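A.B. asks: with the input below, show me the fold.
(chains A and B)
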Protein chains: 2
Amino acid sequence: MKNNDISILGSGLIGSLLSIYLRKRGLDVHMYEKRADNRKSAYKEEGRSINMALSDRGWKALEDLGLTEKVKPLTIPMYGRKIHDEHGKTTFIPYGKEGQAIYSISRGKFNQLLIDEAEAAGVNLHFEHKIEDVSLKDNTLLVSNPEASHQKIHSEVIIGSDGAYSALRNAMLKQVRFDYKQEYISHGYKELTIPATESGEFAMDPNALHIWPRGSFMLIALPNPDKSFTCTLFLPFEGKRVCFENIRDEKDVEGVFKTYFDDAFELMPNLSKEYFTNPTAALINIECFPWMQGKSLLIGDASHAMVPFYGQGMNCGFEDCYILDKLINKFGTNAWELVFAKFQKVRKPDTDAICQLAMENFEEMKNAVSDPKFQIRKKIEAKLHNLYPLDWIPLYTMVTFSDMPYSEAYAQGKLQESIMDRVMADPLITQNWDKLDYEDIIDQMDKAKAV
Amino acid sequence: MKNNDISILGSGLIGSLLSIYLRKRGLDVHMYEKRADNRKSAYKEEGRSINMALSDRGWKALEDLGLTEKVKPLTIPMYGRKIHDEHGKTTFIPYGKEGQAIYSISRGKFNQLLIDEAEAAGVNLHFEHKIEDVSLKDNTLLVSNPEASHQKIHSEVIIGSDGAYSALRNAMLKQVRFDYKQEYISHGYKELTIPATESGEFAMDPNALHIWPRGSFMLIALPNPDKSFTCTLFLPFEGKRVCFENIRDEKDVEGVFKTYFDDAFELMPNLSKEYFTNPTAALINIECFPWMQGKSLLIGDASHAMVPFYGQGMNCGFEDCYILDKLINKFGTNAWELVFAKFQKVRKPDTDAICQLAMENFEEMKNAVSDPKFQIRKKIEAKLHNLYPLDWIPLYTMVTFSDMPYSEAYAQGKLQESIMDRVMADPLITQNWDKLDYEDIIDQMDKAKAV
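C.D. replies: Numbers count the residues shown, from 1 in each chain, chains lettered A, B, ... in the order given. I've put the predicted structure just below:
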């Protein structure tokens, strides 16, 4: 039987990043991945989104490991949302202050880079190794690979960064007093493409996240370095109106796109083919507790898979790694149970908060962003933040452009929301927004905080 | 490969009752149970409560199958709660009107009777058959027994009445768009005994459910036909005050019992021995959806395990069987998917409601029942029910002594609760309760309903 210091399950973004962190502490780190090495074979995503939005929390961990300069060339900054209305008219709403952006990055390329870095750091990589089961009693993995079936591997520490369908979590699920929730939302998604133009250019502004909000459904698009956009169509699975169930043939697809997303439709020559070739995937939210069992720990999506609407899944997972590393730094590599206990205690309220925010942001993206008042609201909040940078920080900024604990962002965001609801109730707000008594709004916030 | 019409997983109370229902419709019914035949070997409960409280919904299904007279001799009626205060003083609070009772019954004896009835009806019993896995694609069970391992058994229909740790549900858990939640509460329980007296009599009033409510914990006792009582001690697992973690030796046990349950302690000669022999069990709440997958269906605890504080787990499971049978009667035995779809649609809001009520009733049992105002409240509600039997039915009565859908009982209970909160806010309620304007309370209820 093999005996590793640390076994990491899954070589996705979180597992790879964590393996580098742990290797830097001089540990014997082994990473097990059921897929083949994606640096050699064509990368097939299988129901995971193709590109992500890297933001401050993610960059912070990359910076910590000295990887910023290597990652930057893979990214495209998006400075705001570009909202497309039903007539093709667009409106730009910035995400933050001038210069603040979230960064579009391809999952495949990014993952390859992190695995290269892990290998260079001395992490032992085991591709095509499937975790059949985990014995929590004796920290033993049951692993199958093309050469051997059900091999036993013992580790002092097992970390499950194996995503929403985690094998380690499945083992924990059978333990008494393990709380668990998995919840699918009513909407699914399908990825489509807006290719580069014939002259090899981006077909739309590449420095924005494009949104076609349509109330009960929406389309979004993120830029890729090859000048294409990856579009994601979010529809209800079933229902009476526009939904996946009711789109049965080419005519239906084109009907929906011509009616609701006509400007995008003009840019999608392969729409119908892609629509019926690409899978329709479901969206899951997972919460569980505890995350540890002895010297085993869940991290990233394995412990808190979230819906993608705040663009924080990967960033939150990277922040998990950052926080875990700082606890290892404090308590050492001989106190795993203490480290894990501290980690889950400090981190659980924050991941609960971001899971909830991600759920709530779906409403904002498919509805509110198309409301003219939404823009006014964002402008008022931006001005408040400008005038009183410490007293009023828009929720999106706290989540995306800071490393404030998510749970604090959530609480402060709720306070601000209730005050903004009152401000927006002014029937003349559209004309008056610039002449409001901004100091009074801050006073209201101070009073609300004091309660 | 065998080919059954119907395979029922688990021969517990719900599975046995359901098998009789289905056999009566002329179907080829096979029931698989991982344990040995409990009619032959000593019955070992393994972490499930020893006696239950049978009430109207349970009796209704038994009556439907002509089993009332056979079950009755196994039961002991309990007409109300007998509350024990810290000085041993007791107060009786009736559950309903005169003559209304819930019935204490031993799980083991009851289960044996139902299995006998199933066998007599022609159900094929398969004990010591463990369900290793279920293939939902082709409705095939993977079954191991002492003679053969991983035998494949195909069935037209599979029904999982295999409880909180259901094998069928585990298979469904891996399906996309299966929502699932398992949640343990902070308290665990341990069963203890008050034996019959030396002269062979009950040591306390046998026609009541005894409760020692102590705020953050409690003890209860139900009578058995052998003149003993089964006591259940509910304590937090851990904490600063009284909890399982802090009871380490005989001295600790006796200290807790002498301080908080002195009158019970006097009747428990084997307390310490039992305390350290019997397991401490956890309490789980499970909700999931959908309950069906093609021609497979979850029923009873497998689909909605609840905490035991409303005494409705078994009763709700029996009502599941009753409702399912009526749907089969309506749509026939050639429309299983339609029957299952109707069943889960009509039943889910009701099981959600009773799961929630069971959770809330824990607070009432360990806290409120010891408050003198709780008695006044019950008296006012009893009088309202007496004066206006159709307009005001106490929540406990709707749940326990009627077959009103749980979700309606829940909604009406919440309305009544808010009105009673106002009534009880009268500082002189203790003196005035009998002289209230009862008609006005009913008017308030009518108004609240109209909103």
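A.B. asks: contacts, neighbours, all on C-alpha from now
C.D. replies: Will do.
A.B. asks: enumerate every residue touching residue A:313.
C.D. replies: For residue A:313, the contact set (Cα atoms under 8 Å, 6 or more residues apart in numbering or on different chains) comprises A:300, A:301, A:305, A:306, A:307.
A.B. asks: tell me the spacing between it and chain B.
C.D. replies: 20 Å (Cα to the nearest Cα, to the nearest Å).
A.B. asks: for the closest residue to chain B within the stretch 151-300 of chain A, give its distance to residue A:312.
C.D. replies: Nearest residue of the stretch 151-300 of chain A to chain B: residue A:181, at 4.2 Å (Cα to the nearest Cα). Per Cα to Cα, to the nearest Å, residue A:181 is found 19 Å from residue A:312.
A.B. asks: who has more neighbours, the two?
C.D. replies: residue A:312 (26 against 18; other Cα atoms under 10 Å in any protein chain shown).
A.B. asks: please name the nearest non-neighbouring residue to the residue of the stretch 151-300 of chain A closest to chain B.
C.D. replies: Among residues not flanking residue A:181 along the chain, residue B:181 sits closest, at 4.2 Å (Cα to Cα, 6 or more residues apart in numbering or on different chains).
A.B. asks: how about the helices in the stretch 151-300 of chain A?
C.D. replies: Using DSSP state H, counting those that start in this stretch, the helices of the stretch 151-300 of chain A run over A:167-173, A:250-260, A:262-265, A:271-277.
A.B. asks: related to what we said a few turns ago, select from the contacts of residue A:313 the one having the most neighbours.
C.D. replies: Highest neighbour count within these: residue A:306, with 29 neighbours (other Cα under 10 Å).
A.B. asks: which of the three states applies to that one?
C.D. replies: Look at residue A:306: counting by DSSP: H, G, I helix; E, B strand; the rest coil, its state is coil.
A.B. asks: what pLDDT does it get?
C.D. replies: Model confidence at residue A:306, given as pLDDT, is 97.
A.B. asks: surely it meets residue A:285?
C.D. replies: Yes: here residue A:306 lies in contact with residue A:285, judged by Cα atoms under 8 Å, at a distance of 4.6 Å.
A.B. asks: can you redo the helices of the stretch 151-300 of chain A as a markdown table with distance to chain B and mean pLDDT?
C.D. replies: What follows is the helices of the stretch 151-300 of chain A, written out as a markdown table (distance: least, Cα to the nearest Cα, whole Å; pLDDT from 0 to 100):
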| stretch | distance to chain B | mean pLDDT |
| --- | --- | --- |
| helix A:167-173 | 9 | 97 |
| helix A:250-260 | 24 | 97 |
| helix A:262-265 | 29 | 98 |
| helix A:271-277 | 19 | 96 |
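A.B. asks: could you dump these into TSV and include distance to residue B:118?
C.D. replies: Below are the helices of the stretch 151-300 of chain A laid out as TSV (distance: least, Cα to Cα, whole Å):
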stretch	distance to residue B:118
helix A:167-173	33
helix A:250-260	53
helix A:262-265	63
helix A:271-277	50
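A.B. asks: which stretch among those comes nearest residue A:334?
C.D. replies: Of all the helices of the stretch 151-300 of chain A, helix A:167-173 sits nearest to residue A:334, with 21.9 Å by Cα to Cα.
A.B. asks: helices or strands up against that closest one?
C.D. replies: strand A:130-135, strand A:151-160 (3 or more Cα pairs under 8 Å, 6 or more residues apart in numbering or on different chains; DSSP states H and E).
A.B. asks: contacting residues around stretch A:414-428?
C.D. replies: Residues outside stretch A:414-428 that contact it (Cα under 8 Å, 6+ apart) are A:373, A:377, A:392, A:394, A:429, A:441, A:444, A:445, A:448, A:449.
A.B. asks: show me which of the residues you listed are buried.
C.D. replies: Neighbour-count burial (16 or more other Cα atoms under 10 Å in any protein chain shown) applied to those gives A:377, A:392, A:394, A:429, A:441, A:445.
A.B. asks: I'd like to know which of those residues are part of helices.
C.D. replies: Taking DSSP state H, the ones among the buried ones among the contacts of stretch A:414-428 that sit in helices are A:377, A:429, A:441, A:445.
A.B. asks: how about the contacts made by the first one?
C.D. replies: Which is residue A:377. Residue A:377 makes contacts with A:420, A:424, as judged by Cα under 8 Å, 6+ apart.
A.B. asks: kindly report the same for the second one.
C.D. replies: Contacts were defined as Cα under 8 Å, 6+ apart; by that measure residue A:429 touches residue A:423.
A.B. asks: same deal with the last one?
C.D. replies: Residues in contact with residue A:445, defined by Cα under 8 Å, 6+ apart, are A:415, A:416, A:419.
A.B. asks: go with 10 Å
C.D. replies: By Cα atoms under 10 Å, 6 or more residues apart in numbering or on different chains, residue A:445 lies in contact with A:391, A:392, A:412, A:415, A:416, A:418, A:419, A:420, A:439.
A.B. asks: correct me, but residue A:176 touches residue B:185?
C.D. replies: No: taking Cα atoms under 10 Å as the definition, residue A:176 is not a contact partner of residue B:185, at 11.1 Å.
A.B. asks: next, give phi and psi for residue A:237.
C.D. replies: Taking degrees, to the nearest 10, you get phi -60, psi -50 for the backbone angles of residue A:237.
A.B. asks: contact partners for the nearest residue to residue A:295 once chain neighbours are set aside?
C.D. replies: Spatial nearest neighbour of residue A:295, chain neighbours left out: residue A:157 (5.1 Å); criterion: Cα to Cα, 6+ apart. By Cα under 10 Å, 6+ apart, residue A:157 lies in contact with A:4-8, A:29, A:139-140, A:294-297, A:336-337.
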